[in-house]
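Peer 1: the following block contains a protein sequence and its predicted model.
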Amino acid sequence: MKNRQRRWMLDGLKHLGAPIVFAQLVSLIFAVDGLDWSSPGQHVETFAGAMSVTRGEWQVGRKATPLDIEIDPVGMDLTTDQGFANALFQVANLEPGSASMSAPVCSTFVFMSFGSRLRSKLNPLGKVDLECVRVGNLLAARACVLCLLCACGLVGVGAAGQLHTGVLANLSRHGENDPMQAPSHLHEPLRRPYKEADLPLFQ
């Protein structure tokens, strides 16, 4: 099961044209000893809050995992290495056809805070000397990484708050003027999977 999940993720990353660093990140997850890959999940809800989506999944008998700092301030804090690693594992362990919901904190992204956070099209990172802005940028970036891993594993992704705006903006930078139009390389035939030689850190 573990090797199947790893190969599936790496093939998906290759098909999406993801940078090699993403393949190395996935390989690191699968290199960790003691993780249980025998029972893939069916839903992951990051920034779960009241766990509305997770509870709905539980009601219909699906295996769902909520991740929120209020549940576990250490193992589910996506601003920490431990919390992000946990989220990466939970997403990588989703079976194809599963789903994931992400609703990162958007207080520094909403238009009402633009005056103090200084976010704009020309300065999307905002006033980075403010801790709340740096944390918002970090959480949005890590949420996007999780979305990419979901996509390469054929997992449906839902995003709330302002995250969808950032995702569309990033898609538009792939050489496409229309952010709703998928990058052209996504329509190419599946290319070769990453070879072990591509991942020298794990030789």
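Peer 2: Cool, the structure landed.

Peer 1: please, which helix or strand holds the residue lying farthest from the centre of the chain?
Peer 2: Taking CA atoms, centre = their mean, the residue of the chain most remote from its mean C-alpha position is Gly115, at 28.7 Å. Using DSSP states H and E, Gly115 maps to helix 114-117.

Peer 1: so what does the lengthiest helix in the chain touch, helix or strand wise?
Peer 2: What stands out as the longest helix in the chain, according to DSSP state H, is helix 131-152. Judged by 3 or more CB pairs under 8 Å, 6 or more residues apart in numbering; DSSP states H and E, helix 131-152 is in contact with helix 2-16, helix 20-31, helix 81-92, strand 94-102, strand 156-159, helix 163-172. (Each C-beta comes from the backbone N, C-alpha and C, glycine too.)

Peer 1: any stretches of the protein with poor pLDDT?
Peer 2: Residues of the chain meeting the criterion pLDDT under 70: 1, 153-203.

Peer 1: disregarding flanking residues, what is the spatial nearest neighbour of the residue positioned nearest the centre of it?
Peer 2: Centroid-nearest residue in the chain: Leu146, 0.9 Å away (criterion: CA atoms, centre = their mean). With sequence-adjacent residues excluded and distances taken as CB to CB, 6 or more residues apart in numbering, Leu146 is closest to Val91, at 5.2 Å.
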